[in-house]
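**Q** Sequence and predicted structure are below.
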Amino acid sequence: MDQLLQHGLNALMLGGTYALLGIGLTLIFGIMKVVNFTHGELYAFGAYMMYALVMLLGVSFFVALPLAIALGVALGALLELVLLRRLRAADIDTTMLVMIGAWIALQNAEQLAWTGVAKSISTPFPAAPLVIGPVSVAWNRVFVLVIALILIFVAYLVINRTKLGRAMRATFQDRDTAALMGVRIGNIHTATFALGSGLAAAAGALLGPVFVAYPSMGDLAAAKAFAVVILGGLGSIPGATLGGFILALVEELGAGYVSSGYRDAMGFLLIIVILLFRPTGLFARKERVG
Amino acid sequence: MKAAATAAFVVVLASVPLWLDNAYFLHVLIVTGIFIIAAMSLNLLLGYAGQLSLGHVAFFGIGAYASALVSLGFKLTFPFEIEVQAKPVWLAMLMGMLAAGASGWFIGRIAFKVRGAYFVIVSISFVEVVRLVAVNWVELTQGPMALNNIPPLEVWGITFLRKPANYWLVLGVAIASYVLIRRLVCSRAGRAMVALAENEPLATSVGIDVTRYLVLAAVVSATMAGAAGALYAHYVRIVDPDVFLFIYTVTMVIMVITGGKGTLAGPVVGGLIFGLLPEGLRAAAIAPEAQWIVYGLLMVLVVYFLPRGIVPAFTKIRG
Amino acid sequence: MNFGWKAIAAAFAASLVAGSVGAQEPIKIGVTQPLTGAFAASGNYVAQGAKIAEEAINKQGGVLGRKIQLVIEDNKSNPTEAVATAEKLISKDKVPVLMGAWSSTLTLAVMPKLMEYQVPMVVETSSSGKITTSGNPYIFRISPTSEMEAKAFVPMVKKFNIKKADFLATNNDFGLGASQEFSKMLKENGVQVGVVETMDPKATDFSAQLAKIKASGGDTLFVTTAVEQATLILRQAKEQQLKARIITTGGSVSPDQLIAQAGAAANGSYHLVFFTPWFPDAVKNPDIAKKFVGEWTARKYEVGGLTEGFRGWDAVHTIVEAIKHAGKAEPKAIQDALWHVKVKGINGDIAFIKQGPAGKESAQNVPSVYVVRIDNGKVVRN
């Protein structure tokens, strides 16, 4: 029973960040129809920015965090303007290839800048874990969960309560009509990519100090993000949120009770199973077979 | 006229081992050739049937593993007791293609319930699951400890151990694949696939059985990729779960899209350029990370300026 | 007759120049390492160690009157590329001997090329038993197999009083091989083996595995993985309040990096290493070890890389010693000479024994294994 509780607690911590990654990607994928292979690199970027700010420049941890996220937003906007603007009329696989090229270039630039050696980021939290009965959890993980929930809520507010958000939702539902109604699609795309990238960078900035930063850290994160998108359904924020927590739970329990070697396969198996029985994901609002 | 030019091209390609003194370059050509075969098969699914499959390396790897296992012989106790003695390599290669084709059928039936973004993600998930099976099912695949000492192909007394022999083998299979795809694309089934890619609801309304043609494309595509995998297994002579690395799928996708998806020559042109490029960059003596960065940037640039690919751009200039 | 004398003098002078120019041609040594990709950190350390060796040897005049030149190729942590690098080094650069390829799968991929071209290779890091038992007489491995490492650990079993041990290993040949060999060794020595947990080499969260290990209740946990994961395991083990004593194997886990990145969580952990830069006197050839550490720190390389970088040094020195004894820089001569070398390396004395199927044996060195402990942020002798 204790073990089960510990697994559940672990899943809670990770679920929040998976949700952040998933929300960012589902927005980009859903609104812009871009297979965003740079998502993982924004995650890594967020972590490396925390490293640079906290460890190299001596900035306070709590100031560095929003700064790192802001930098992620900026990088996302830059990528969209430089790489994707011109390709708006192109096929989904053409833009995908551009994203792949950017992914390769970014990851190797990261290695060139920081070398392949993993970097550790100090946190102001106590090293001793918080002990609740038979289970224990590190303080920095609690912090991660709290901030992740806040950011998820903020994202939800942006999408559902702001003018920008309304324009984004309109573009998602029917791009041409939205354009006819005066929505400037180009700006929406930039904003979407920047927002999605910012969320990925946030996940990286939060998890970087919990784990370590190294150049290929984004690859696994991107894979999880894709899984969450499927689980939750394309374009659905509540879906991605719940999907993030479900994925984390399935991974934890699968690793704990079935086989630890197959831990990362759990997510993928889950995707395949879901797609067999509910192709649009658990919560998609728009019917999307075909 | 065009046929004569193609024939001349083939003859020139075939003559390469006779005058090329550089063994290293010949090796690069062979490996590139194997990936071009895989790229051509991906083109069928991605270019002609319009399905963005990012799991193609799964079929490549399954073909490689199946062929390697049959040629080495294996023994299983779980889930059921089975022992297979080592079989001649040509039979193993056929088994490899069969296994790949069967998985193509299987994943086709599942995956084609969805389209677009969902399909992309399903295809990625499929590869990951297959890779993790290869890593964890140690009894069958040796897991990360790799299958090595794989025998080379031996047929009619010729052992395909040296490079020229392997070069001609790969070239032969590549030509056969090209011809096969050409016939398929120009046939009724091929036209149905293209119709699907262009406008699925319309195609369905005209009575085209979507699933049937997509699954057909998947099976042919997978079998061909499996053949490429089998060639790889018996040339490099070691297979481990790294054969499912995402970078190989990326390589194939790059070849197809930069070359020009939906064209016959596209994967060949894209394959030659992006297959040989890394070696050219290696010779440029810049830092390894910088080589990758240049590679990534070049990809982006090609697609930026020639969004339909190199071959369509060429035919546009000429036509 | 004047001009005859001048002609002879000119010819003599010309031959001197020609002779010395010919003698200046450096002896090339091929190096294939993962400089980019998943193993980039380690590959670069090994390459750095090799380059320090190159400079040291050339400063002392090289070998056979010629300088040595390392031709270093990046195998991108990928077996297909490893094959390409071997092909390039052998057929294009015409190196008479190779060193590489870091991980076992990369080395296994290169092995058929060695047979094809009959060129020897010194293996500096790979641990899979398969490498020396596949019937490839061109392999000369100086790093230990997991089996050897496990055997070297036997005296410590009693010393630590291990009753029940669990395993946490990364899911590749390195981790699985080690957990298999150590399990076997422990069972042979009367120790109970608990759970054997694995993880993907890219995983960063081990909470599930650690929860299971905690539940298993062993007094010792053997961890075999790369240093990044080891750092995270130590931290997370502390978070989950794991009481077991942690021992890392494989020699690639740099205790310095662990101290720097895991902080207090690293205290109390033990590590099997093949080089002890913190107390060079512990190794067989302390002068060489000290010199190497000096050169490394002078170049401001990562201190954490010493435990891997030394492999490059030892490999290059082994090769050069063989070239010296062979008398010429030719593959067959070097291969024969390698069997007879005795090199004073950083790890210890290097010499090769036969291993593998009769008639096609590979060469294996029997290296020294050291156990160190981290105590209060410092590395101490055990």
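**A** Okay, I see it.
**Q** What ranges does chain B have for its strands?
**A** Ranges of strands in chain B, per DSSP state E, are B:74-76, B:82-84, B:147-148, B:154-155, B:158-159, B:238-239.
**Q** check whether the fourth one contacts chain C.
**A** No: residues of strand B:154-155 are not located near chain C by Cβ under 8 Å from any Cβ of the partner chain, the shortest gap being 15.4 Å. (C-beta placed from N, C-alpha, C; glycine too.)
**Q** would you list every one of the strands in chain A?
**A** A:130-132, A:135-137.
**Q** and the first one, how far out from the chain's middle?
**A** The offset between the C-alpha centroid of strand A:130-132 and the centroid of the whole chain comes to 28 Å, using Cα atoms, centre = their mean, to the nearest Å.
**Q** just the last one next, same as before
**A** Its chain's average C-alpha position is 25 Å from that of strand A:135-137, according to Cα atoms, centre = their mean.
**Q** Quickly run through the sheet partners of that strand, with directions.
**A** Looking at strand A:135-137 with DSSP bridges, its partner strands are strand A:130-132 (antiparallel).
**Q** Report the buried residues of the partner strand.
**A** Going by neighbour count (16 or more other Cβ atoms under 10 Å in any protein chain shown), nothing in strand A:130-132 comes out as buried.
**Q** ok, now stretch C:367-382?
**A** Using 16+ other Cβ under 10 Å as the test for burial, stretch C:367-382 gives C:367-374, C:379.
**Q** Report the contact partners of A:L81.
**A** The neighbours of A:L81, taking Cβ atoms under 8 Å, 6 or more residues apart in numbering or on different chains as the test, are A:T190.
**Q** I meant B:K163, not that one.
**A** B:K163 makes contacts with B:17, B:23, B:26-27, B:30, as judged by Cβ under 8 Å, 6+ apart.
**Q** Any stretches of the chain with poor pLDDT?
**A** Since you didn't name a chain, this refers to chain A. Residues of chain A that meet the criterion pLDDT under 70 lie in A:261, A:279-290.
**Q** hmm, I had chain C in mind actually
**A** Judged by pLDDT under 70, the stretches of chain C that qualify are C:1-23.
**Q** Would you mind giving the domain segments of it?
**A** Chain C resolves into domains spanning C:26-144+C:286-365, C:147-273 when parsed by automatic domain parsing.
**Q** and of those domains, who's closest to A:F61?
**A** Proximity to A:F61, assessed across the domains of chain C by Cβ to Cβ, is greatest for domain C:147-273 (15.3 Å).
**Q** Distance across that closest one, terminal residue to terminal residue?
**A** Domain C:147-273 has an end-to-end distance of 15 Å (Cα to Cα, to the nearest Å).
**Q** hmm, back to that, can I get the contacts of B:K163 in TSV including pLDDT and distance to chain A?
**A** Output for the contacts of B:K163, formatted as TSV (pLDDT from 0 to 100; distance: Cβ to the nearest Cβ, whole Å):
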residue	pLDDT	distance to chain A
B:P17	84	32
B:A23	85	29
B:L26	89	27
B:H27	89	24
B:I30	93	24
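**Q** Throw those residues into TSV and include distance to A:A202, thanks.
**A** Output for the contacts of B:K163, formatted as TSV (distance: Cβ to Cβ, whole Å):
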residue	distance to A:A202
B:P17	55
B:A23	51
B:L26	50
B:H27	46
B:I30	46
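**Q** which of those residues lies closest to C:K88?
**A** Using Cβ to Cβ, B:H27 comes nearest to C:K88 of the contacts of B:K163, at 8.3 Å.
**Q** Which parts of the stretch 51-200 of chain A are helices?
**A** With helices called from DSSP state H, counting those that start in this stretch, the stretch 51-200 of chain A shows them at A:61-79, A:92-114, A:139-161, A:163-173, A:175-180, A:185-210.
**Q** got a markdown table for those, with mean neighbour count too?
**A** Below are those laid out as a markdown table (neighbours: other Cβ atoms under 10 Å in any protein chain shown):
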| stretch | mean neighbour count |
| --- | --- |
| helix A:61-79 | 19 |
| helix A:92-114 | 22 |
| helix A:139-161 | 17 |
| helix A:163-173 | 17 |
| helix A:175-180 | 13 |
| helix A:185-210 | 26 |
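**Q** Could you point out which of those helices sits nearest chain B?
**A** helix A:92-114 (3.4 Å; Cβ to the nearest Cβ).
**Q** Dump the closest one to PDB, restricted to CA.
**A** What follows is helix A:92-114, C-alpha atoms only, in PDB (Å, rounded to 0.1, in the frame of the first residue of the first chain):
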ATOM      1  CA  ILE A  92       2.400  19.700 -43.300                       C
ATOM      2  CA  ASP A  93       5.300  17.500 -44.200                       C
ATOM      3  CA  THR A  94       7.300  20.400 -45.600                       C
ATOM      4  CA  THR A  95       7.000  22.400 -42.400                       C
ATOM      5  CA  MET A  96       7.700  19.200 -40.500                       C
ATOM      6  CA  LEU A  97      11.000  18.800 -42.300                       C
ATOM      7  CA  VAL A  98      11.900  22.400 -41.500                       C
ATOM      8  CA  MET A  99      11.200  21.700 -37.800                       C
ATOM      9  CA  ILE A 100      13.400  18.600 -38.000                       C
ATOM     10  CA  GLY A 101      16.300  20.600 -39.500                       C
ATOM     11  CA  ALA A 102      15.800  23.200 -36.800                       C
ATOM     12  CA  TRP A 103      15.800  20.500 -34.100                       C
ATOM     13  CA  ILE A 104      19.100  19.100 -35.400                       C
ATOM     14  CA  ALA A 105      20.700  22.500 -35.600                       C
ATOM     15  CA  LEU A 106      19.400  23.600 -32.200                       C
ATOM     16  CA  GLN A 107      20.400  20.500 -30.300                       C
ATOM     17  CA  ASN A 108      23.900  20.500 -31.700                       C
ATOM     18  CA  ALA A 109      24.200  24.200 -31.100                       C
ATOM     19  CA  GLU A 110      23.300  23.500 -27.500                       C
ATOM     20  CA  GLN A 111      26.100  20.900 -27.300                       C
ATOM     21  CA  LEU A 112      28.500  23.300 -28.900                       C
ATOM     22  CA  ALA A 113      27.700  25.900 -26.400                       C
ATOM     23  CA  TRP A 114      27.500  23.900 -23.200                       C
END
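**Q** Tell me which of the strands of chain B is the most buried.
**A** strand B:238-239 (a mean of 28; mean count of other Cβ atoms under 10 Å in any protein chain shown).
**Q** partners of that one, with directions?
**A** Strand B:238-239 sits in its sheet next to strand B:147-148 (antiparallel), going by DSSP bridges.
**Q** Measure how far the partner strand is from the centre of its chain, please.
**A** When distances are taken as Cα atoms, centre = their mean, strand B:147-148 is centred 21 Å away from the chain's centroid.
**Q** Now do the closest residue to chain B within the stretch 151-300 of chain C against chain A, distance only.
**A** Closest to chain B within the stretch 151-300 of chain C is C:N172: 4.0 Å, counting by Cβ to the nearest Cβ. Between C:N172 and chain A the distance is 11 Å, computed by Cβ to the nearest Cβ, to the nearest Å.
**Q** Kindly tell me how buried that residue is, as a neighbour count.
**A** Around C:N172 there are 27 other residues, counting by other Cβ atoms under 10 Å in any protein chain shown.
**Q** tell me the contacts of it?
**A** Shown in contact with C:N172 (Cβ under 8 Å, 6+ apart): B:135, B:144, C:103, C:105, C:201.
**Q** you'd agree C:L70 is up against C:I52?
**A** No: the pair C:L70 / C:I52 is not scored as a contact, 10.7 Å apart, by Cβ atoms under 8 Å.
**Q** quick one: which two of the buried residues of stretch C:367-382 are the most distant?
**A** C:P367 and C:I374, at 22.2 Å, using Cβ to Cβ across these.
**Q** Nearest to B:G61 among the helices of the stretch 51-200 of chain A would be which one?
**A** Comparing these against B:G61 with Cβ to Cβ, the closest turns out to be helix A:92-114 (19.5 Å).
**Q** Does the closest one reach chain C?
**A** Yes: using Cβ under 8 Å from any Cβ, helix A:92-114 reaches chain C at A:108, A:111.
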